[in-house]
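Participant: give me a 3D structure for the following:
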Amino acid sequence: MMRRSSRRSAGRLAAVLAGAVLLGALQGCATRQNPDPLESWNRKVFAFNETLDSSVLKPMAEGYKAATPEPVRTAFANFLSNIKDVWSTANLFLQGRFKDGTLGVIRVTVNSTFGLGGLIDIATPMQLDKPNEDFGQTLGVWGVKPGAYIVWPLLGPSTLRDSVGIPGDMYFSASTLATYPREANVLRVTQVVHTRASLLDAGNLIDDVALDKYAFIRDAYLQRRQNLIYNGDPPEDEEPPEPPRQDLPEPPAVPASGAASGASSDSASAPISALEAPMSVADAGKENPWAMFP
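Facilitator: Residues are numbered from 1 along each chain as shown. Here you go, the predicted model:
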């Protein structure tokens with residue numbers, strides 16, 4: 001028995017070390033210019049998630065939204081949000097933001113007591129703003145780089161850094177309040193369907209505007225996470241570099257000789273107006289409706 005337990009411990013230690021080496025390798029592979037070194041694998045997982053969503057999750061979300069009155073959905077959303085506020089408040093303290101953490105404690109206390117267990121959001125009208133923090137953001141605040149972009153089956157987009165916080169995000173959910181496994185599973189499914197129902201309009205918009213849905217969601221996720229870590233004001237050196245401007249070549253100079261005369265000479269020697277001048281590539285991009293998206 002001692003030998004078996006020691007072998008199991010050695011095996012677990014080896015697995016942990018192998019995982020650490022793999023995470024370190026992936027962390028090194030990701031760069032600011034290439035945050036997605038696992039793109040070929042991520043696209044396959046993304047396609048699987050999309051198939052599952054279109055065939056199962058989206059129809060369930062549409063049925064849930066049609067059958068459930070809006071006040072009930074709002075109350076359930078407030079209930080889920082109040083539980084998440086506990087985790088957000090804990091991360092505020094971990095980030096050293098003690099003033100914001102104290103306000104988070106007050107918010108959770110007010111909504112949990114006067115808001116009937118969080119079903120009614122009383123704290124927001126009292127100007128106790130909702131915190132939106134998780135352990136991935138906490139690691140980012142303390143200088144941990146995001147690492148490679150990863151798409152997880154069922155869970156969706158993430159990074160190596162944010163993946164560390166997934167267990168905490170899953171723990172602080174409605175299912176933790178259940179007494180029996182069956183109740184916990186019902187709450188998990190209801191929470192997933194409710195969340196998907198709240199994203200129906202956004203999902204339809206992405207389907208309409210995104211030429212490459214995978215790249216659109218990846219870039220939007222990475223930019224949003226960066227803004228959350230720096231509270232909407234990321235440093236300039238953290239922003240992705242802008243592509244070099246490529247102006248069109250200037251038109252050849254008109255000869256100054258007076259070889260031509262009359263109206264034709266005047267039109268040839270007159271400077272080109274702003275309406276007639278060719279636009280540069282950068283200016284042309286402003287006219288491109290896709291330029292407003294990442």
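Participant: for residue 146, helix, strand, or coil?
Facilitator: Following DSSP: H, G, I helix; E, B strand; the rest coil, we place residue 146 in the coil state.
Participant: which residues does the nearest residue to it once chain neighbours are set aside bridge with?
Facilitator: Of all residues not flanking residue 146 in the chain, residue 159 sits nearest, at 4.2 Å (Cβ to Cβ, 6 or more residues apart in numbering). C-beta coordinates here come from the backbone N, C-alpha and C atoms, glycine included. Counting by DSSP bridges, residue 159 forms beta bridges with residue 149.
Participant: count the residues that sit near residue 159.
Facilitator: 23 (other Cβ atoms under 10 Å).
Participant: name the residues of stretch 175-190 that are buried.
Facilitator: 175, 184, 187, 190 (16 or more other Cβ atoms under 10 Å).
Participant: next one: stretch 72-81
Facilitator: Residues 75-81 are the ones in stretch 72-81 that count as buried (16+ other Cβ under 10 Å).
Participant: out of those residues, which sit inside strands?
Facilitator: Using DSSP state E, no member of the buried residues of stretch 72-81 sits in strands.
Participant: from those, which ones fall inside helices?
Facilitator: Of these, the ones assigned to helices by DSSP state H are 75-81.
Participant: what's stretch 93-111 in contact with?
Facilitator: Contact with stretch 93-111 is made by 78, 82, 85-86, 88-90, 92, 118, 120-123, 126, 128-131, 133, 135, 137-138, 141-142, as judged by Cβ atoms under 8 Å, 6 or more residues apart in numbering.
Participant: out of those residues, which are buried?
Facilitator: 78, 82, 85-86, 88-90, 92, 118, 121-123, 128, 131, 133, 135, 137-138, 141.
Participant: what's the farthest-apart pair in the buried residues of stretch 175-190?
Facilitator: Using Cβ to Cβ, the pair of these lying farthest apart is 184 and 190, separated by 10.8 Å.
Participant: now do the contacts for residue 86.
Facilitator: Taking Cβ under 8 Å, 6+ apart, we find residue 86 in contact with 108, 172.
Participant: from the chain's centre, how far out does the strand or helix carrying it sit?
Facilitator: Following DSSP states H and E, the helix or strand that holds residue 86 is helix 70-94. Relative to the centre of its chain, helix 70-94 is centred 18 Å away, using Cα atoms, centre = their mean, to the nearest Å.
Participant: give me the mean pLDDT for that helix.
Facilitator: Per-residue pLDDT values over helix 70-94 give a mean of 95.
Participant: what's the following helix or strand after that helix?
Facilitator: Next along from helix 70-94, by DSSP H and E: helix 98-113.
Participant: from the chain's centroid, how far away is that following helix?
Facilitator: 25 Å.
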